[in-house]
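*Asks:* Output the structure for:
(one chain, ligands or ions: 1)
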Amino acid sequence: MAKQKEPLVTHIYTADPSAHVFNGKIYVYPSHDLEHDGEDNDDGDEYQMEDYHILSMDNVDAPCIDNGEALNMRDVPWVSKQMWAPDCAYKNGKYYLYFPARDKDLRFHIGVAVSDSPVGPFKPEDDYIKGSFSIDPAVLVDDDGSAYIYFGGLWGGQLEKWQTGEFVENPAEIPADAKALGPQVAKLTDDMLQFADGPEEITILDENGEPIKAGDEDRRYFEGPWMHKYNGKYYLSYSTGTTHYLVYAIGDSPKGPFTYQGRILEPVIGWTTHHSIVEIDGKWYLFYHDSSLSGGVNHRRCVKFRELKYDENGKIITMKPYDED
Ligand code: FUB
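*Replies:* Coordinates of the predicted model:
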């Protein structure tokens, strides 16, 4: 049986959970961490993932099932390595799996693969989404049917290298008092396979309406964007990377701007945090990962979930990962 704050599965290492409810059932789209002894570095070379396994649960108390391999790197013509954090969206009667990976020149882009089933197998497009770069795609299908893709990650995710719209191998460091880089957003075409516009950078503002600065590492965007709607507002949540928080900002439209609100989750065991937020049977849940299953090895992570609560003003109540609540 699935238990909150415990690993959802223990037979494989999993991370970066994107959770959804499709047809009344819970589906979790995680990365699949491989066991190896590679070195950790700021380029993320330790995250050597090659395939995706999709997890499912009938409800939050039911057993969590591994539905087997849904997509493998060897079947994606443009990929050379590192299939990182994916997401899935449903539209037009089909399921679309979005995933980042390095191309043959070792540049990260975002690919898409299609299936009639939420657990795959997924058939990849021959090439990555034109104009895509960096990592960590997350897709919101809005109430009017428009779909938006959010993505981007610093350091190993290469977001700094695409500031000009072209790939620059060694970009100048962004000064601490300059505006921090935001995640990217693009509207997707109706067939969900390409960008309809953009991508464009999202602005995250502080309480005074000023853009968050690059040196503000407790609040600035690092990686792992997620978008959900609560009471008609758009909640952009993300990881702060170096300071290991999950935080969020609120806006009135899918492309923002967004105003920083606060923390969702304090740091977990392991370097990375990466999450999703989903409503299940009238309650809200945070899906996230830590490295507890491997005793703290950064690239051997495990997916967990727990209930998330809002206060009466729509603020998310900050959680400590190992509290007793
Ligand atoms: O899993 C590989 C990378 O680590 C993800 O893309 C990031 O969000 C971080 O979790």
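*Asks:* which non-adjacent residue is nearest residue 33?
*Replies:* In this structure, residue 33 finds its nearest non-sequential neighbour in residue 13, 3.7 Å apart by C-beta to C-beta, 6 or more residues apart in numbering. (Glycine included, C-beta is placed from N, CA and C.)
*Asks:* Look up phi and psi at that neighbour.
*Replies:* Backbone torsions for residue 13, taken as degrees, to the nearest 10, come to phi -90, psi 130.
*Asks:* per-residue confidence for it?
*Replies:* On pLDDT, residue 13 comes in at 98.
*Asks:* Distance from stretch 185-199 to the middle of the chain?
*Replies:* Taking C-alpha atoms, centre = their mean, to the nearest Å, the mean C-alpha location of stretch 185-199 is offset from the chain mean by 18 Å.
*Asks:* just stretch 120-137 next, same as before
*Replies:* So, by C-alpha atoms, centre = their mean, the centroid of stretch 120-137 is 14 Å from its chain's centroid.
*Asks:* quick revisit: count the neighbours of the residue nearest to residue 33 for me.
*Replies:* Other residues lying near residue 13 total 24 when counted by other C-beta atoms under 10 Å.
*Asks:* Please report the distance of it from the ligand.
*Replies:* 10 Å (C-beta to the nearest ligand atom, to the nearest Å).
*Asks:* Now do the same contact list for that residue.
*Replies:* Contacts here follow C-beta atoms under 8 Å, 6 or more residues apart in numbering; on that basis residue 13 touches 32-35, 293-294, 299-302.
*Asks:* Dihedrals phi and psi, residue 74?
*Replies:* Torsion angles at residue 74 (phi, psi; degrees, to the nearest 10) stand at phi -60, psi -20.
*Asks:* what's the neighbour count on it?
*Replies:* For residue 74, the neighbour count with other C-beta under 10 Å is 9.
*Asks:* so what pLDDT did it get?
*Replies:* Per-residue confidence (pLDDT) for residue 74: 98.
*Asks:* Which residue is the nearest non-sequential neighbour of it?
*Replies:* Once flanking residues are discounted, residue 74 sits nearest to residue 50: 7.9 Å by C-beta to C-beta, 6+ apart.
*Asks:* and what of residue 268?
*Replies:* Using C-beta to C-beta, 6+ apart and skipping the chain neighbours, the partner closest in space to residue 268 is residue 290 (3.6 Å).
*Asks:* Tell me, how many residues neighbour residue 105?
*Replies:* Residues within reach of residue 105, counting by other C-beta under 10 Å, total 8.
*Asks:* Which helix or strand contains it?
*Replies:* According to DSSP states H and E, residue 105 maps onto no helix or strand at all.
*Asks:* How much space separates it from the ligand?
*Replies:* Distance, residue 105 to the ligand, using C-beta to the nearest ligand atom: 19 Å.
*Asks:* if we can go back for a sec, is it possible to export the contacts of residue 13 to TSV including pLDDT and secondary structure?
*Replies:* Converted to TSV, those look like this (pLDDT from 0 to 100; DSSP: H, G, I helix; E, B strand; the rest coil):
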residue	pLDDT	secondary structure
32	98	strand
33	97	strand
34	95	coil
35	88	coil
293	97	helix
294	96	helix
299	94	coil
300	95	coil
301	97	coil
302	98	strand
